[in-house]
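Undergrad: After the sequence you'll find the predicted model.
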Amino acid sequence: MSTLVINDLHVSIDGKEILKGVDLTINSKEIHALMGPNGNGKSTLLAAIMGHPKYTVTRGEVTLDGQNVLEMDVDQRSKAGLFLGMQYPQEVTGVTNSDFLKAALNARREKPIGLFAFIKEMEGAIAKLEMKSDLAHRYVNEGFSGGEKKRNEILQMMLLKPRLAMLDEIDSGLDVDAMKIVAGAILDEYEKRELGLVIVSHYDRFYQLIKPTHSHILIDGKIVMSGDDTLAKKIDEEGYDWLQTQLGVVIVPEEEVKAPVRVSVSLGTCAVNERAKNE
Amino acid sequence: MSESNSVMQWGDEVLVQKTLTPADSPVLLRFNALKKQNVILTLEGSGKMEIKVELPEGAKVTLLWWNRGDALELQETYDVGEYADLVLAYADLRDCNVSRKSEVRLVGEMARAELRSASVVSKESTVSYQMTHVHSDTTSEMGNYAVMADGGQLKMDVIGRIEKSAPRSQAHQSSRVLSLSSNQKATVYPKLYIDNNDVQAGHAQSIGQVDEEQLYYLQARGLNRDEATKLIVYGYLYPVAEIIQDEALRDLFLNEIREKVNQTCLT
């Protein structure tokens, strides 16, 4: 039985405060739905718990079974049993999914995992998620569609066996069939290992597949309302605006997120061109 | 060159593995024609070494250099003959000084040479790679991948030379440097000397740092900063192995990279 306690959490990025005092407790065998308009702190909360370096915790505590999470390095948080299924999983060229997972598993073991045992587990998970069988040899997330990247997150969760998993919009990019498969895999882990889950999604259809035991709405960096699974349906039907009138909160408008621009720098001139000009 | 201390000839074996030290210098390696030859040469010891390699007509050779020496000064020349094919891969992954001058001369029609180097630089590395096109219709390609660790200093000359006698030749090169620390210096000099108009030549360089988002992603799966960096470095050097056709040989090369990267202190 594990418990994650978030107490009065204030988080800033580049000097701007995003989370303004979040209180939340998650236990094993609970499924917490985390909803709220984009740009109001959902991803920030999950990333700050995982330790993303660009977020600064200015006040508050996060403990996992009494241990201070905020004092741990990112990798220690993972080893302590936290998992984050990311919204934008990274591509790592040259590193195969198999190499990556093996390294991640060995990082938390005394003895390296046996090759046969590893392959068996990996292939089992790939089959369960109905992913392509060559996945193990492909580079991490390279050339993956959005939906494949999300399924790869769940694959990692299945192999790493966390105590508490936070899934950031795991349903985005999945078609109806893929969503059922992913939801099925998540629920299996939940039942088998009494996971605690935090699921960020906008869509009731996903919460229909994974019924939350608790739900919360995050607006302007604070949880403004909590309830049971019926809250998701209400949001789906009515949106978030009614909360502004009912509770007197103000929804932070979504900022246009600019995709990072990769700038290629070319150094030097081409000798052939120069010579051709002089001929 | 002066009379060789060691002359080695191969033509029939599928995989040759040999260790060379400065005591063997000067070394002449002669390959027989028409058979695919895979060679792994391990360098040990310290001091100067002169190596000459001959690929006669039709020879197809993949030559991997494992640098396990300590401050070796290497001078290598390769002669690639008519319709001969040379694949050259260097692994300089140890925590020591490296000095190397390597020239591949494409002296026969349709001679081809591909060179890739994987380096982790934590000391002083002065290297020069040159492809000289002497004959027409020859092709060369160079890909250098260097990872700069803390305290590393790299000076790399990458030279494509197409002589007047070599029309319809193609010379391409690219050099990529990944820096892991601000306390390092990498200087890459790409050079193209072209004395014939009917040719294709090009070069590309890039210098970058480890993507912090990638690092965070790997750390979020339980790898500490050092382990995550090593995995990224391994992935960065991975393309060097791609020119090796033989799968078993490629795996050996990748294993060498993986082992040596894991042993080196990168951060």
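TA: Nice, I can see it. Numbering: from 1, shown residues only, chains lettered A, B, ... in the order given.

Undergrad: what's the neighbour count on residue 63?
TA: Looking at chain A here, since you left the chain open. The local packing of residue A:63 (other CB atoms under 10 Å in any protein chain shown) involves 15 other residues. The C-beta positions use only the backbone N, C-alpha and C, and glycine is treated the same way.

Undergrad: ah, I was thinking of chain B
TA: Around residue B:63 sit 22 other residues, with neighbours defined as other CB under 10 Å.

Undergrad: per-residue confidence at the residue of the stretch 51-200 of chain B found nearest chain A?
TA: Per CB to the nearest CB, residue B:192 is where the stretch 51-200 of chain B lies closest to chain A, at 4.1 Å. Looking at residue B:192, its pLDDT reads 95.

Undergrad: Same check on residue A:135?
TA: Reading off the confidence values, residue A:135 has pLDDT 93.

Undergrad: For the residue of chain A found nearest chain B, give me its contacts.
TA: Scanning chain A for the residue nearest chain B gives residue A:94, at 2.8 Å (criterion: CB to the nearest CB). Applying CB atoms under 8 Å, 6 or more residues apart in numbering or on different chains, we find residue A:94 in contact with A:139, B:234-239.

Undergrad: Distance to residue A:68 added to the residues you listed, as CSV?
TA: CSV is the format used below for the contacts of residue A:94 (distance: CB to CB, whole Å):
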residue, distance to residue A:68
A:139, 36
B:234, 33
B:235, 33
B:236, 35
B:237, 38
B:238, 38
B:239, 42
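
Undergrad: Residue A:255 against residue A:37, yeah?
TA: No. Shown here, residue A:255 and residue A:37 do not form a contact pair, counting by CB atoms under 8 Å, at 11.7 Å.

Undergrad: neighbours of the closest residue to residue A:2 other than its chain neighbours, just the number please.
TA: The shortest distance from residue A:2 to any residue other than its chain neighbours is 4.4 Å, reached at residue A:163 (CB to CB, 6 or more residues apart in numbering or on different chains). Applying other CB under 10 Å, we find 19 other residues in the vicinity of residue A:163.

Undergrad: still on that earlier bit, among the contacts of residue A:94, name the ones in strands.
TA: With strands defined by DSSP state E, the entries of the contacts of residue A:94 inside them are residue A:139.

Undergrad: sorry, back to before: neighbour count: residue A:255 and residue A:37, which is higher?
TA: In this comparison of residue A:255 against residue A:37, neighbours counted by other CB under 10 Å, the higher total goes to residue A:37 at 21 against 8.

Undergrad: Please name the residues that touch that one.
TA: With contacts defined as CB under 8 Å, 6+ apart, residue A:37 is in contact with A:219, A:240, A:251-252, A:254.

Undergrad: Report the separation between it and residue A:254.
TA: Look at residue A:37 and residue A:254: by CB to CB, to the nearest Å, they are 7 Å apart.

Undergrad: Spatially nearest residue to the residue of chain B found nearest chain A, not counting backbone neighbours?
TA: Per CB to the nearest CB, the residue of chain B with the smallest distance to chain A is residue B:235, at 2.8 Å. Closest residue to residue B:235 in three dimensions, ignoring its sequence neighbours and counting by CB to CB, 6+ apart: residue A:94, at 2.8 Å.

Undergrad: Next: residue B:23.
TA: Per CB to CB, 6+ apart, closest to residue B:23 is residue B:45, 7.2 Å.

Undergrad: hang on, the earlier thing: so the residue of the stretch 51-200 of chain B closest to chain A makes contact with residue B:204?
TA: No. Counting by CB under 8 Å, residue B:192 sits too far from residue B:204 to count as a contact (11.8 Å).

Undergrad: Neighbour count for those two, which is higher?
TA: residue B:192 (22 against 15).

Undergrad: Wasn't that one part of a helix?
TA: No. Applying DSSP: H, G, I helix; E, B strand; the rest coil, one finds residue B:192 to be strand, outside a helix.

Undergrad: Give the buried residues for the helix or strand hosting residue B:251.
TA: In this structure, residue B:251 is located in helix B:247-263 according to DSSP states H and E. Neighbour-count burial for helix B:247-263, with 16 or more other CB atoms under 10 Å in any protein chain shown as criterion, is recorded at B:249-250, B:252-254, B:256-258, B:260-261.

Undergrad: give me every residue that touches the closest residue to residue A:145 other than its chain neighbours.
TA: Ranked by CB to CB, 6+ apart and with sequence neighbours excluded, the top spatial neighbour of residue A:145 is residue A:173, at 7.1 Å. Residues in contact with residue A:173, defined by CB under 8 Å, 6+ apart, are A:145-147, A:149-150.

Undergrad: The same query, at a cut-off of 6 Å, please.
TA: Residue A:173 makes contacts with A:146-147, A:150, as judged by CB atoms under 6 Å, 6 or more residues apart in numbering or on different chains.
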